[in-house]
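**Student:** Fold the following for me, if possible:
(one chain, ligands or ions: 1)
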Amino acid sequence: MSPSVLSVDTVSRWYGNVVAVNDVTMTIGPGITGLLGPNGAGKSTLIGMLAGFLAPSAGSVTLDGTTVWKNPDVYRAIGLVPEREAAYDFLTGWQFVLANAELHGLADPGAAAKRALATVEMEFAQNRKVGEYSKGMKQRVKMASALVHDPAVLLLDEPFNGMDPRQRLHLMELLRQMGAEGRTVLFSSHILEEVEQVAQQIEVMVAGRHAASGDFREIRRLMIDRPHQYVIRSSDDRGLASALIADGSTAGVQLDDGVLSVEAVSFLRFTELLPRVARDAGIRLFEVSPTDESLESVFSYLVKS
Ligand SMILES: Nc1ncnc2c1ncn2[C@@H]1O[C@H](COP(=O)(O)OP(=O)(O)OP(=O)(O)O)[C@@H](O)[C@H]1O
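**Tutor:** The predicted structure follows:
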């Protein structure tokens, strides 16, 4: 498979006065890219523009240098697995995939549908109606229809949503296979653990903006190496507060109504500092709990940085 590269160049997309995607520039090459971001970050909108379903309001999306929007030649190289369930519940899996093969005008739609259903291991259920499939089976049949024309680019919008662990593993394996074949695969998710298990490259979006980019180690580091808030219980909170202030490497120490809270500048430095300071002061630690670990707080930190 010849390598295909999607380029997003200063792309924005607005709906009325809602800016869904705000001045995003990124390059997506062969292998697996995870598009990570909380709900409403603009992931679906970006995928719609990558797939040629939505026009950018500004900027351009190109595949190997050719504009994607309004370009049927480019659509032949792209497969999209949308977030919504297939609306064709009354068709069998076979009919659904075959219809897509015919819409693409393939020379031998039957052979293409057979091959695509085999790739996702759905032949066993191909004669049952899509409406009777489990969530994971629906996802696989949508994937077969996206793969029916053997595209170099595969885009999947929240493909792991609602899947059980077994279905999840199966889909991860399929994505790895697609990546190993040299396809350019991009999938969106709001769960870091999901993305880092399968994506070589991670692009983070928050509130329409491109917040971070890198492999999972870099993204983990960005998320961990940021100010963290902790509540600490110890044998001598007041003594510990003084010792931490004296050390000077924490951003803030507060003792309010007997609750000791600390803002650490860096997670890694703090995990080394705290036990040492406590030991030197002869104080025992009972509990150290983070207070701002929600994914939203991590994401909003990334946007500010
Ligand atoms: N057709 C539309 N009309 C108006 N606003 C829209 C439309 N589609 C999306 N939006 C808005 O654009 C923003 C980005 O939405 P988008 O669906 O792209 O985000 P997302 O990251 O995919 O989130 P989710 O995972 O919840 O789908 C949101 O504020 C959303 O309300």
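**Student:** And the chain, what are its domain boundaries?
**Tutor:** Following automatic domain parsing, one gets these domains for the chain: 6-223, 226-304.
**Student:** and the nearest residue to H149 once chain neighbours are set aside, what is it in contact with?
**Tutor:** Counting by C-beta to C-beta, 6 or more residues apart in numbering, H104 is the residue found nearest to H149 once chain neighbours are left out, at 4.4 Å. Every residue, glycine included, has its C-beta placed from N, CA and C. Shown in contact with H104 (C-beta atoms under 8 Å, 6 or more residues apart in numbering): R76, A112, V148, H149.
**Student:** What's the local residue count around the first one?
**Tutor:** Meaning R76. For R76, the tally of surrounding residues (other C-beta atoms under 10 Å) stands at 15.
**Student:** Let me know whether it touches P151 as I believe.
**Tutor:** Yes: counting by C-beta atoms under 8 Å, R76 does reach P151; the two are 7.3 Å apart.
**Student:** and the protein, which of its residues are near the ligand?
**Tutor:** Y15, V18, A20, G37, N39, G40, A41, G42, K43, S44, T45, E158 (C-beta under 6 Å from any ligand atom).
**Student:** Just give the nearest non-adjacent residue to the fourth one, would you?
**Tutor:** The one in question is G37. Spatial nearest neighbour of G37, chain neighbours left out: M205 (3.8 Å); criterion: C-beta to C-beta, 6+ apart.
**Student:** ok so that neighbour is a strand residue?
**Tutor:** Yes: according to DSSP: H, G, I helix; E, B strand; the rest coil, M205 belongs to a strand.
**Student:** give the contact list for it.
**Tutor:** V24, L35, L36, G37, A41, G42, K43, L46, A211.
**Student:** Confidence-wise, which helix or strand of the protein is lowest on average?
**Tutor:** The helix or strand of the chain with the poorest confidence is helix 295-304; it has a mean of 61 (mean pLDDT, DSSP states H and E).
**Student:** re the thing from before, pull out the buried residues from the contacts of H104.
**Tutor:** A112, V148, H149 (16 or more other C-beta atoms under 10 Å).
**Student:** shaky segments in the chain?
**Tutor:** Counting by pLDDT under 70, the chain has low-confidence residues at 85-87, 224-227, 248-249, 292-305.
**Student:** returning to that earlier point: next step: the contacts of M205 restricted to helices.
**Tutor:** K43, L46 (DSSP state H).
**Student:** Return the subset of the contacts of H104 lying in helices.
**Tutor:** Residues from the contacts of H104 lying in helices, with DSSP H as the criterion: A112.
**Student:** thinking again about what came up before, out of the domains of the chain, which is the most enclosed?
**Tutor:** Sort the domains of the chain by mean neighbour count, taking mean count of other C-beta atoms under 10 Å, and domain 6-223 sits at the top with a mean of 19.
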